[in-house]
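Peer 1: Here's my sequence, what's the structure:
(2 chains)
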2 protein chains.
Amino acid sequence: MSTESTFAQPIQATQQHSKPLALRDVTVTDAFWHTEQELVRTAVIPFQWNALNDNVPGAAPSYCMHNFKAAAAQNARKSTEGKKFVPPAYTYRGFEAKPEDPANPDPDKFYGFVFQDTDFSKWIEAVGYSLTQHPDAELEATADKAIDIVCAAQLDNGYLDTYYILNGMDRAFHNLRWHHELYCLGHLIEGAIAYYEGTGKDKLLKAAERFADYVGEYFGPNPGQCKGYPGHEIAEMALARLADLTGEKKYLDLAKFFIDERGTEPNYFRYEGERDKEDGYTDTNWEFDYDYTQAGEPVRDQKEAIGHAVRAGYLYSGMAAVAKLTDDPSLVKACETLWRNIVDKKLYITGGIGGTVDGEAFSYDYDLPNDSAYSESCAAISLAFFARRMLEIAPVAEYADVMEQALYNTTLAGMALDGKSFFYVNPLEVNPYACHKDSRVRHVKPVRQKWFGCACCPPNIARIVESVQEYAYTVSNDASTLFTHLYMGGVARATLGGAEVTLDVAANLPWKGDGAATVRLGSPATFTLAFRLPGWAGSVDAAAAAISASGEADGRISREVRDGYVYFTGEWHDGDEVAFDFPMPVRMMKANPMVREDAGRVAFVRGPITFCAEERDNGANLHLLHADVAAILADPSSVKVVPFAFHAGAAGIDEKGQGEVDDVTRDMVRLEVPAWREPVPEGANAESPAFAPLYAEYAPAKREPVTATLIPYFAWANRGENEMTVFLHD
Amino acid sequence: MSTESTFAQPIQATQQHSKPLALRDVTVTDAFWHTEQELVRTAVIPFQWNALNDNVPGAAPSYCMHNFKAAAAQNARKSTEGKKFVPPAYTYRGFEAKPEDPANPDPDKFYGFVFQDTDFSKWIEAVGYSLTQHPDAELEATADKAIDIVCAAQLDNGYLDTYYILNGMDRAFHNLRWHHELYCLGHLIEGAIAYYEGTGKDKLLKAAERFADYVGEYFGPNPGQCKGYPGHEIAEMALARLADLTGEKKYLDLAKFFIDERGTEPNYFRYEGERDKEDGYTDTNWEFDYDYTQAGEPVRDQKEAIGHAVRAGYLYSGMAAVAKLTDDPSLVKACETLWRNIVDKKLYITGGIGGTVDGEAFSYDYDLPNDSAYSESCAAISLAFFARRMLEIAPVAEYADVMEQALYNTTLAGMALDGKSFFYVNPLEVNPYACHKDSRVRHVKPVRQKWFGCACCPPNIARIVESVQEYAYTVSNDASTLFTHLYMGGVARATLGGAEVTLDVAANLPWKGDGAATVRLGSPATFTLAFRLPGWAGSVDAAAAAISASGEADGRISREVRDGYVYFTGEWHDGDEVAFDFPMPVRMMKANPMVREDAGRVAFVRGPITFCAEERDNGANLHLLHADVAAILADPSSVKVVPFAFHAGAAGIDEKGQGEVDDVTRDMVRLEVPAWREPVPEGANAESPAFAPLYAEYAPAKREPVTATLIPYFAWANRGENEMTVFLHD
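Peer 2: Below is the predicted model:
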């Protein structure tokens, strides 16, 4: 094996702007992603709707629709004006409001988190995407009714955040550092666009535009305008998308303002904190950490990915989107710098980011603990957002490699195989006993949970899975080139070189590297089809040798390899085929030696899939399981790739009843790896006294040869509570 | 090398009760301990006195003597009676009271922690011990004056805790679970006994007895007596000691009551919490965890060492003391069970206990993290207390082995080589960068601190160092046998077989295993001298072969080896000598495979000393330093033992000015260990972009041969802030 990186080395890419195909122009039919999308459509979206209507028995109420209804009723009574702000009685974590009597919430009061409105926005976003692929009149009617309620809650001036509408508008936009009005705006825009794209209906889109217009007047560089910006980013990327959809430059200007203003002096958040202190006015008066929200310095000066990982990922996505749309080299450079820092020093091999629970944040360089990882599902999703926007700036395979890792591993691991329970935190190593006993890993759950009060991850997974097609293809701004970034079976339609082109793709990813894209078009036309050469194929040369276009032989189609993409250019005919069979070797990986937590350990990846060992297959005490690295180096084929039917089901649920998974079967691939085990010393368990001393003079460990069974990381924790590890000892 | 344990295997010991020699009957003159004791006498004791009088510039005031003076003044005014309890305004951690204006504390108010009185008690204890060895009229006069103040604070009924005297006596003994009146009693007794032993003055002792008498009437098994017991243990061991000194059975009965009652149903702490809830009365109303204070079940049912490690160590010491004095087999058995759990599953190789910051507590079995260890100095000291009391029940070498490890390693590591700064937490691995950045190890300080508000560790180190002789020798209850548990140069006097015997000991511990004990006595007498065969000497046989008595050759003195001790019995003559030269091999140790954190790692010990690698000697990134285990196994002599002069001094102090150490030089021994380093990848540091990828296909690590320099663990962090590790990768 070579010692080539998983990800390509940094490349000074030629910029070639592109944008995703509209969702309605792409379908996904392959077994892998179709199954995931159906899971979201049939299990998650209905569950979400119940959740945001407080109809999930046993789950914490969301109060999302309750709040919209309360605000709508208040609007109808014209009783919003003049209402002086009184913060709700927070009863949880200092910023979640709950009714005194849970059975009888006051119909006029706000409950839940300050960002509770986004439960609706995330749901409607997933609904919108789903409807592009799978029309559903009943679901659409439900959505339309919900939209009516939400729109009725909007103030005449366009403002739309039920927290302040219900608690008092005089303090709106007065606590940007901790409250989430601009975050609510961002999600509302994303949801409204998705629903518009899915249905063509623009009622919610118009509401979102009106809120954006109100915000655009309130905030800005002119005298009298507020110089603040979001405490939790997402508005930046949403506004850029809105600008792109509507052609309205004002939305792009607002996004750019938020980005340019962020972290500049005098620091707005510091001003806000000092003003509140002077006023004696505090709502959520926690100590503020500028780094937590990436506001410590101007974004173009930021060299290191820091703070809350989801906030960071959303900010960087917004920066990349604005950089592309404004053609701003200094902002592109800032994005590239932050990207490099993540990919070179802060990325889990599962595509996750955020090493520490402390602020749900990026830890310091090379600090990637396995057992106390945070690696929030939403953070991996935000990394995919960022990666795709970097791809839109410049097609460089590394972006797609990382995006693919984030999607296939941590993102999917966030959801059980029955679509009914979810991880917020995605550790790379779990000892359930420690999770129950030990405050250092108390944030790590060994089984997925049904729902969260702070329900960001399940709907985030839903919306990215339902729109995964957007990550597969982009078309260049000059409509000359269609890029295939991810290989998934289905159909993509685009106008290329003036012709209506359909790409009919068959692919066996992620289990096999083969497939073909058939070109359908009316009459011959000249354009470029560019295909990513996956980093996991071993080398650029190996990957390039494994893909060919049917017109290449006769010189009609030329090829060029650049930045990890192969560009096929020439006159395409109907029926032309690009066939590929990328090598998909099992790759035994080690981390950079600077990653202390991975010293002496190896992980196994194959194609886009990162594998892990579970107790269910390998017995307890996984820290005693060693990959036989010498044997594997001597004969890489000693690692067996075994297609099999994975059976999920609740072998064990925890004391809170979490961890139940329906009996479902999924075809996947497991690895059988030459390994050895150090035997568990006699008597070394909690029930019996130990006979083996705690410390003894060193002798090489006894080796019991075994075969380690590794399953895809995304499938872990579907068979009850058990130990898991991605990295094995070497 | 053999694979023998550091510590002997469990032995069903023949009980042979013994007790320590009085401190005035033992002197320590060897270079090692004499230096430590002089450090405490000349640096720590004067510093402590200033600290408890709030005279240390830059340090948080203790308010200890302030409180005693305030209580004394209140007593003089007869204004204590009828004062209704009002808790002080807590300003720190929920239970430390501070004056609003630090420059002007109210002379009538209580400040500090609820246990602040013990600052005095711990100081007077160290003073008492010091005066036995080194009379000092000025110090004694200072102490007498302090004692006058303390005694003036005592109420007429004997009660003596300034927290309730000043805040209102009606709530005395009403919050046993969180407040520390009985802890204050325990420390007062310990201090009073030490001062009595050091000076013969009994004013403080009488005050302690009066407080104990008051407590003995308040608590007990009879109707109308309170069924509570200490929330923070120590009174149990102190009362047992008081009973032993005074011959008063009532004190032993009280200690036994506290032990027998602990954790029984109905649980007293639960009753207290429910009563307070009903009353609406809460002072410190934290959630209570029964395990935290070892009150979840009766002590004889407890199989696992749990909860706050210092509390646990003090409880177990009290249990052992009471078990011996009451000859209670069920209590001995409980002690043995808890001892085994600690030694087999919860003990650091540095003699430290307490794996988790969460409650400063024992973690679960085999959870011994190196970098996030708590391993409080006081906890190691409490383990030494427990070990010595187990030795007093039955002379088994394992107890002494563990006691020695705790004393020579974690206890001494708690204090800088200049005696001026202290560790509360004693990690086995430190990356200072992480300590500053990472909340998971924020409790770990990379340099020692000057003083703590909650100042338990510095005075605890002071009192055990000043009384270390008490750990070296015990004499059997029938005065037939003198046990030498620890080897330290000096003189021990005892009455044995009716004769006044002096043992004149020369020893080169801990750097060399040799020495001799010369017997001085008037006329020949028959008795037994028993010497511990140290676990670190390799094997019992090897150690036994390395010690001999001069009367053995002619059959005048017989030998028997039992439970890790050699017993020399016969007619001793003046000038007889017991000579020893115990092997002191370097031992490369590995932890039990169940210790996940030590998988693939080795540590080096020699004699009682555990070694560690510091960045100062080995460069940064100690996780890349590997012991060359194959080379060492092939040739154990490849590890060099090098006597040298260690230079301490402030090479670097942290941003708070902590970490300064005077330039002092101490003779010690270092190890030079065959090792190799994995090179730091090019560019992999915080300042430059990384060129080495974060993940790459596995290849065996590059090996740069180096020599690792290991210094004694107790000497770490005396040359500025730097990385340290006890365990090296193998």
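
Peer 1: Ignoring the adjacent residues along the chain, who's closest to A:I147?
Peer 2: Nearest non-adjacent residue to A:I147, counting by C-beta to C-beta, 6 or more residues apart in numbering or on different chains: A:L204, 4.8 Å away. Just so you know, the C-beta spots here come from the backbone N, C-alpha and C atoms, and that holds for glycine as well.

Peer 1: what's the neighbour count on the nearest residue to A:E470 once chain neighbours are set aside?
Peer 2: Closest residue to A:E470 apart from its sequence neighbours, by C-beta to C-beta, 6+ apart: A:P20 at 4.3 Å. Residues near A:P20, counting by other C-beta atoms under 10 Å in any protein chain shown, number 21.

Peer 1: which residue does the stretch 401-550 of chain A bring closest to chain B?
Peer 2: Proximity of the stretch 401-550 of chain A to chain B (C-beta to the nearest C-beta) peaks at A:S439, 3.9 Å away.

Peer 1: give me every residue that touches that residue.
Peer 2: Counting by C-beta atoms under 8 Å, 6 or more residues apart in numbering or on different chains, A:S439 touches B:T356, B:V357, B:D358.

Peer 1: cool, and A:Y366?
Peer 2: So A:Y366 contacts A:K345, A:K346, A:N592, A:M594, A:V595, A:R596, B:A684 (C-beta under 8 Å, 6+ apart).

Peer 1: Serialize the contacts of A:S439 to JSON lines and add fields for neighbour count and secondary structure.
Peer 2: Shown next, in JSON lines, are the contacts of A:S439 (neighbours: other C-beta atoms under 10 Å in any protein chain shown; DSSP: H, G, I helix; E, B strand; the rest coil):
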{"residue": "B:T356", "neighbour count": "23", "secondary structure": "strand"}
{"residue": "B:V357", "neighbour count": "21", "secondary structure": "coil"}
{"residue": "B:D358", "neighbour count": "16", "secondary structure": "coil"}
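
Peer 1: Paired strands for the helix or strand where A:A603 lies, with orientation please.
Peer 2: A:A603 belongs to strand A:601-606 when elements are defined using DSSP states H and E. Strand pairing for strand A:601-606, determined by DSSP bridges: strand A:586-591 (antiparallel), strand A:609-614 (antiparallel), strand A:728-729 (antiparallel).

Peer 1: Check which helix or strand A:K256 maps to.
Peer 2: Counting by DSSP H and E, A:K256 is part of helix A:249-261.

Peer 1: Mind giving me the packing neighbours of that helix?
Peer 2: Packing partners of helix A:249-261 (3 or more C-beta pairs under 8 Å, 6 or more residues apart in numbering or on different chains; DSSP states H and E): helix A:203-218, helix A:235-246, helix A:309-326.

Peer 1: So what's the residue count around the residue lying closest to A:W536 once chain neighbours are set aside?
Peer 2: Spatial nearest neighbour of A:W536, chain neighbours left out: A:G607 (5.3 Å); criterion: C-beta to C-beta, 6+ apart. Neighbours of A:G607 under the rule other C-beta under 10 Å: 24.

Peer 1: Same check on A:K445?
Peer 2: 24.

Peer 1: Tell me who's in contact with A:H443.
Peer 2: Here A:H443 is in contact with A:V357, A:S372, A:Y374, A:V425 (C-beta under 8 Å, 6+ apart).
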